[in-house]
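A.B. asks: Pasted the sequence and its predicted model underneath.
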Amino acid sequence: MKIGSRKIGIEYAPLVIAEIGINHGGSLEVAKGMVRQAAASGCECIKHQTHFLEDEMTEEAKQIFPPNADISIWHVMEQSILSPEEEIELKTLTEDLGMIYLSTPFSRAAADFLDQIGVLAFKIGSGEADNLPLIRHIAQKGKPIIMSTGMQTIDSIRESVQILNNSSVDYALLECTNLYPSPAEIVSLRGVTDLKEAFPNAVIGFSDHSIGPEMALASVALGACILERHYTDTRYRKGPDIINSMDPAELRLLIDRSKEIWIAAKNPKRRSKSEDAVYRFARASVVADRDLSSGHIISESDIWARRPGTGEIAGYEFDKVLGKTVNRNIARNTQLKWDDFA
């Protein structure tokens, strides 16, 4: 998968997406500050949310209260959205700082707007993962798509994934749990491998709503190529997503540690050249465990394996020495050599 010039897959370090979402509370200046701090933390990708309320929700939404808010979902969004002009300004700043700008469209109007302003890819949120007409509308834009799969099963997203396959766009599927925050009891790291097995054409990632970076980092070892977490400049802000958001320091940690885990996860089981110096003293060599006389036939009680590993006969060759005949007198604790035997 490729977004702009950024290649994404198991051969590349994970793409960390810092989701500002609605954490700016409707303030462009706050959003810009978050973007600047993310860039200073080494971030490659910022994600926003694009809301055109009249095309996104009906009047009934004014009576629906999310578990993590004390006002209706309509009013949460009404207080948190940026105007189209402000979003263009935020996108420009993000790209001027060398980062990818993504956003989640929650309606056809939002998808059309983002396409018009030239986003490189689309993010589809978990709530829209089974919204077939919206997925079809977005896929027709012909741009890469990252889709979260929270609240879904493998079977319930098959039709959505088929739309992506049919459209021939590059796409990624993110394992996700939609509770803010998500406790370990309901987070599914196994979901990363389940998605890999079920949808081999997809790039797989992890969208994390838990507290702390541990779950996202663990997903890298399982093959997650994209890590998405909510992001804020400070956790002292108010907002429904702040509780499970990372700050700039944690963002930097997630970027650095995920890259290290990705590197280590690719390494096969072997002794590296850098371990050779340690191996020379850390392993054992076969030694005489008592004074031995010439002509003595070696039994197990005559020898042992002790550090350092500089002897000619390694500890793993212990059994090969048994039954051999000593051809010279050997003092206890002497490292043995093959020419010590007839």
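C.D. replies: Good, I have the coordinates.

A.B. asks: tell me what the helix or strand bottoming out on mean pLDDT in the chain is packed against?
C.D. replies: In the chain, no helix or strand scores lower on mean pLDDT, DSSP states H and E than helix 73-80, which sits at a mean of 89. Here helix 73-80 touches helix 53-56, going by 3 or more Cβ pairs under 8 Å, 6 or more residues apart in numbering; DSSP states H and E. All C-beta spots, glycine's among them, are computed from the backbone N, C-alpha and C.

A.B. asks: Show me which positions of the helix it packs on end up buried.
C.D. replies: Under the neighbour-count criterion of 16 or more other Cβ atoms under 10 Å, helix 53-56 has Leu53, Glu56 buried.

A.B. asks: Work out for me the element Leu114 sits within.
C.D. replies: Element membership for Leu114, per DSSP states H and E: helix 108-116.

A.B. asks: Adjacent strands (with direction) for the next helix or strand after that helix?
C.D. replies: Later in the chain than helix 108-116, the nearest helix or strand by DSSP H and E is strand 122-124. Its sheet considered, strand 122-124 pairs with strand 145-148 (parallel) by DSSP bridges.

A.B. asks: So what touches the partner strand?
C.D. replies: The contact list for strand 145-148, computed with Cβ atoms under 8 Å, 6 or more residues apart in numbering, reads 17, 102, 121-126, 129, 135, 138-139, 157, 160, 164, 169-174, 176, 205, 207, 226, 228.

A.B. asks: burial count for the nearest residue to Asn165 once chain neighbours are set aside?
C.D. replies: Leaving out its chain neighbours, the residue that sits closest to Asn165 by Cβ to Cβ, 6 or more residues apart in numbering is Asn201, at 6.5 Å. Residue neighbour count, defined by other Cβ atoms under 10 Å, stands at 10 for Asn201.

A.B. asks: and the longest helix for the chain?
C.D. replies: Counting by DSSP state H, the longest helix found in the chain is helix 248-266.

A.B. asks: and that one, what does it pack onto?
C.D. replies: Going by 3+ Cβ pairs under 8 Å, 6+ apart, helix 248-266 lies up against strand 15-21, helix 28-40, helix 214-221, strand 226-230.

A.B. asks: Pull up the distance across stretch 152-159, start to finish.
C.D. replies: 12 Å (Cα to Cα, to the nearest Å).

A.B. asks: that older thread, how far does the longest helix of the chain sit from the chain's center?
C.D. replies: With Cα atoms, centre = their mean, to the nearest Å as the basis, helix 248-266 stands 8 Å off its chain's centre.

A.B. asks: can you give me the angle that helix makes with helix 28-40?
C.D. replies: 40 degrees (axes from the mean of the first three to the mean of the last three Cα atoms, to 10 degrees).
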